[in-house]
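Engineer: okay, structure incoming, though there's no sequence with it:
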Ligand SMILES: Cc1ncc(COP(=O)(O)O)c(C=O)c1O
């Protein structure tokens, strides 16, 4: 059953089988390295289930790219600008990407995105394809101010401290709630994997939908992520306080209790497209 590893391996015990799979199988049977311009990857896989890569994976992938003359590009659209406890998620490892893709948090709600990369890469072609809203002064001002605030108000440190606190609290909760299969994340990108039973660990997708909806009713906005939609994703604002974390944990606990006791049912979700599985 796919959880955090497509090969169902336990982290630390597989000698990074996935990298050997890319080199031995993908490069030989799917696409040869000379057909691959770039590998683009999130430093932490968010919508895929808040999966933090095993130690050595990203470094190994970068080495594979270097060896085969493939560009190594990091997508920081979701976790960039402080969320993981570092300014960029990839800085949690020793990596030197050829380019970094940035979006959402850069503008704090204003529409702005950016690609930062090596000079020769960004100068490789002329600017044939530009965008209607590119260079929007309001969005650019918001971007600059966002960077200033993240730096000046030490929000990366707050993200790390609050993320560590939430992780400890959720791991305590996991002991009392066998439906929590895994607590994942780094800093303030966090996932609670919900499972049907502790043995088979089958994804509890309906339960995740119900918990998210019940949390919404109780005043907490969350999202379900993962290829089985069974990971409750938390991406709170970087300014969150310990008291607000406690409040969120209280609501999530209440929501899980309400689902387990039958006070919250799938029938409540039937009117929402995409909610009922
Ligand atoms: C990690 C990541 N990369 C890229 C995108 C796409 O960004 P955009 O909608 O700005 O193209 C998203 C989500 O929308 C995302 O979460």
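Structural biologist: Received the coordinates, thanks. On a predicted model such as this, the values are computed, not experimentally measured, just so you know.

Engineer: quick one: residues contacting the residue in the stretch 101-250 of the chain positioned nearest to the ligand.
Structural biologist: In the stretch 101-250 of the chain, the residue that lies nearest the ligand is residue 103 (4.3 Å; CB to the nearest ligand atom). In short, each C-beta sits where N, CA and C put it, glycine included. Neighbouring residues of residue 103 by CB atoms under 8 Å, 6 or more residues apart in numbering: 76, 77, 78, 80, 112, 113, 114.

Engineer: any idea how far the last one lies from residue 131?
Structural biologist: For residue 114, the distance to residue 131 under the criterion CB to CB, to the nearest Å works out to 12 Å.

Engineer: the stretch 101-250 of the chain: strands as residue ranges?
Structural biologist: In the stretch 101-250 of the chain, the strands defined using DSSP state E, counting those that start in this stretch lie at 114-117, 180-186, 189-194, 223-225, 231-234.

Engineer: do you know which of these lies nearest residue 63?
Structural biologist: With CB to CB as the measure, strand 114-117 is the member of those nearest residue 63 (19.1 Å).

Engineer: which strands and helices sit next to that closest one?
Structural biologist: Applying 3 or more CB pairs under 8 Å, 6 or more residues apart in numbering; DSSP states H and E, one finds that strand 114-117 contacts strand 99-102.

Engineer: mean pLDDT and mean neighbour count added to the strands of the stretch 101-250 of the chain, as a markdown table?
Structural biologist: Formatted as a markdown table, the strands of the stretch 101-250 of the chain follow (pLDDT from 0 to 100; neighbours: other CB atoms under 10 Å):
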| stretch | mean pLDDT | mean neighbour count |
| --- | --- | --- |
| strand 114-117 | 94 | 14 |
| strand 180-186 | 96 | 22 |
| strand 189-194 | 98 | 27 |
| strand 223-225 | 93 | 21 |
| strand 231-234 | 98 | 26 |
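
Engineer: okay if I get the ones you listed as TSV plus distance to residue 85?
Structural biologist: Listed next are these as TSV, based on distance: least, CB to CB, whole Å:
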stretch	distance to residue 85
strand 114-117	20
strand 180-186	7
strand 189-194	10
strand 223-225	20
strand 231-234	14
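
Engineer: and those: which comes nearest residue 108?
Structural biologist: Of the strands of the stretch 101-250 of the chain, nearest to residue 108 by CB to CB is strand 114-117, at 13.9 Å.

Engineer: does that closest one reach the ligand?
Structural biologist: No - interface with the ligand: strand 114-117 contributes nothing (CB under 6 Å from any ligand atom), its closest point being 10.7 Å away.

Engineer: what strands flank that strand, and is each parallel or antiparallel?
Structural biologist: strand 99-102 (antiparallel) (DSSP bridges).
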